[in-house]
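Colleague: Fold the following.
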Amino acid sequence: MPAVGKSQPARRGIWTATYILLLLISVGLMVLAFFLGTKTLGADLLNELGIAGVVAFVLALTIERLSAQEFERRAERERELLQVEFRALADQERAELKKDVFYYTYGRILPQAIRDDLDHYFLQADFIRSKLYLQFDLTIEADPHTSQNYVKSICFTSSHIRNLTGKPKTLPIESWIDPSPSDALKNDVKFLEFVCTGSEHDISLNESQLATMTRLNAGGVALDLAEDQRVVVLPERPTVLKIRYQGIRAMEGAGIYFFFTNHTCDLELTVHVKNCDLDVFAEAYSPHKLAETDRHDPSTGYYNWAIEKPLLAYQAIRVNWRRASVPTKQPSQPVAALAAAAPTPPNPLPQTPAISA
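Modeller: Residues are numbered from 1 along each chain as shown. Predicted structure coming up:
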């Protein structure tokens, strides 16, 4: 028998040499028996041994080899079946383990479909955002044709974005602004500025450049960046993204609805009413509520809230207004100073800049 552990070609070479040696010995025995003559017992014995060796050689080349090949095929099929059974058993045990871990961690079992969605949409996030700062500057604008009043909002978003995938990845930017309810003011709905730093390529776009990258759709004015303006976030450093845009919304029964498509670590929200002629209300669609800061002063038209706890993807905030019922005093400092007093972190990711109610 060939040595255990030798390669298949080496084993076949050893067996081939053995078969050839058997054939040579068998032929030699028959030749020797021929020369000894057919009348002696020794010659007959040598001749029978030679014939038996030739028969063994023929069997080794045919039936035995075919049997070995069939054995190998059966062994391979059994090995594949065992692998399939092992994988099925491993998958079953993994599913049971997940179920047990979930149960022993939370003390209850959620349907698998819900757990799959939690895993896909929340636990496997590609990006996470921090230092989110939102600012909305509100003024009342009149339609030049109908004299009806509307609210003009100049919105600024800024945040730091981190890539969790470990490799460069394009950040989806899907921003749009609600269409103007006034046809005469529809040209006031536009993107004003787009700045991205810390990504694979820094990007800075002004109002005129952004005008060539916007399109109208059912949702309003949408931002559609060119291929060479894609924001590629690197895993080793955060990307700072800032967007400024302007919208027109109804005076009554309207507001700004801002939802997050990425998990956000913290938030600061500022609303400034330039002429103090609107009362503003804000709420967060989250277990964590907006908390007024020390700078919050509605009497000057300056509203400032913060959430220092995480906001999950698909949670949101909403800003509403109504015409001020009691005149308030004018702000003691200009808008620029107010904006400078607030931190200006980077900008949010793919999110609806504003959705009117």
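Colleague: can you list the domain ranges for the protein.
Modeller: Listed by automatic domain parsing, the domain ranges of the chain are 8-61, 126-341.
Colleague: so can I have TSV of those showing distance to Val101?
Modeller: For the C-beta atoms, the positions are set from N, CA and C on the backbone; glycine is no exception. Converted to TSV, the domains of the chain look like this (distance: least, C-beta to C-beta, whole Å):
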stretch	distance to Val101
domain 8-61	44
domain 126-341	21
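Colleague: Select from the ones you listed the stretch with the lowest mean pLDDT.
Modeller: When the domains of the chain are ranked by mean pLDDT, domain 8-61 comes last with a mean of 69.
Colleague: OK, contacts around the spatially most central residue of the chain?
Modeller: Centroid-nearest residue in the chain, with C-alpha atoms, centre = their mean: Asp126, separated by 4.2 Å. By C-beta atoms under 8 Å, 6 or more residues apart in numbering, Asp126 lies in contact with Asn163, Leu164, Thr165, Lys169.
Colleague: for the first one, what are its contacts?
Modeller: It stands for Asn163. Asn163 sits next to Asp126, Phe127, Lys169, Val233, Leu234, Pro235, Thr239 when contact means C-beta under 8 Å, 6+ apart.
Colleague: For the residue nearest to the third one when sequence neighbours are not counted, name its beta-bridge partners.
Modeller: What it means is Lys169. Excluding its sequence neighbours, the residue lying closest to Lys169 (C-beta to C-beta, 6 or more residues apart in numbering) is Asn163, at 5.5 Å. Counting by DSSP bridges, Asn163 forms beta bridges with Phe127.
Colleague: mind checking how far Asn163 is from Ser130?
Modeller: 13 Å (C-beta to C-beta, to the nearest Å).
Colleague: go on, Ile25?
Modeller: For Ile25, the distance to Ser130 - C-beta to C-beta - is 85 Å.
Colleague: ok, the two, which is more surrounded?
Modeller: Neighbour tally, Ile25 and Ser130, criterion other C-beta atoms under 10 Å: the higher count belongs to Ser130, 17 against 14.
Colleague: residue boundaries of the helices in the stretch 1-150 of the chain?
Modeller: Assigned helices in the stretch 1-150 of the chain, in chain order: 8-36, 41-61, 63-106, 112-118 (criterion: DSSP state H, counting those that start in this stretch).
Colleague: List the buried residues in the last one.
Modeller: When burial is assessed from 16 or more other C-beta atoms under 10 Å, helix 112-118 yields no buried residues.
Colleague: Point out the other helices and strands that it packs with.
Modeller: Helix 112-118 is packed against no helix or strand, with contacts defined by 3 or more C-beta pairs under 8 Å, 6 or more residues apart in numbering; DSSP states H and E.
Colleague: just the third one next, same as before
Modeller: In this structure, helix 63-106 packs against no helix or strand, with contacts taken as 3+ C-beta pairs under 8 Å, 6+ apart.
Colleague: Tell me, how many residues neighbour Leu49?
Modeller: Other residues close to Leu49 by other C-beta under 10 Å number 16.
Colleague: ditto for Gln229
Modeller: Counted with other C-beta under 10 Å, Gln229 comes out at 15.
Colleague: could we number from 4 for the rest of this?
Modeller: Got it, first residue is 4 now, which makes that one Gln232.
Colleague: which residues does it contact?
Modeller: Gln232 is in contact with Ile206, Leu208, Met216, counting by C-beta under 8 Å, 6+ apart.
Colleague: 7 Å - rerun?
Modeller: Taking C-beta atoms under 7 Å, 6 or more residues apart in numbering, we find Gln232 in contact with Ile206.
Colleague: List phi and psi for it.
Modeller: Note on Gln232: backbone dihedrals following degrees, to the nearest 10 are phi -110, psi 20.
Colleague: if I look at it, how far off is Tyr107?
Modeller: Distance from Gln232 to Tyr107, by C-beta to C-beta: 48 Å.
Colleague: and what of Arg233?
Modeller: For Arg233, the distance to Tyr107 - C-beta to C-beta - is 43 Å.
Colleague: Have a look at the two and say which one is more surrounded.
Modeller: Set Arg233 next to Tyr107 and count neighbours by other C-beta under 10 Å: Arg233 wins out with 16 against 8.
Colleague: ok, what's across the strand from the nearest residue to that one once chain neighbours are set aside?
Modeller: The shortest distance from Arg233 to any non-neighbouring residue, by C-beta to C-beta, 6+ apart, is to Thr173 (5.1 Å). Beta bridges link Thr173 to Val235 when assigned by DSSP bridges.
Colleague: Please apply the same query to Val243.
Modeller: Assigned bridge partners for Val243, using DSSP bridges, are His163, Thr200.
Colleague: Most tightly packed of the domains of the chain?
Modeller: Highest mean neighbour count among those (mean count of other C-beta atoms under 10 Å): domain 129-344, with a mean of 17.
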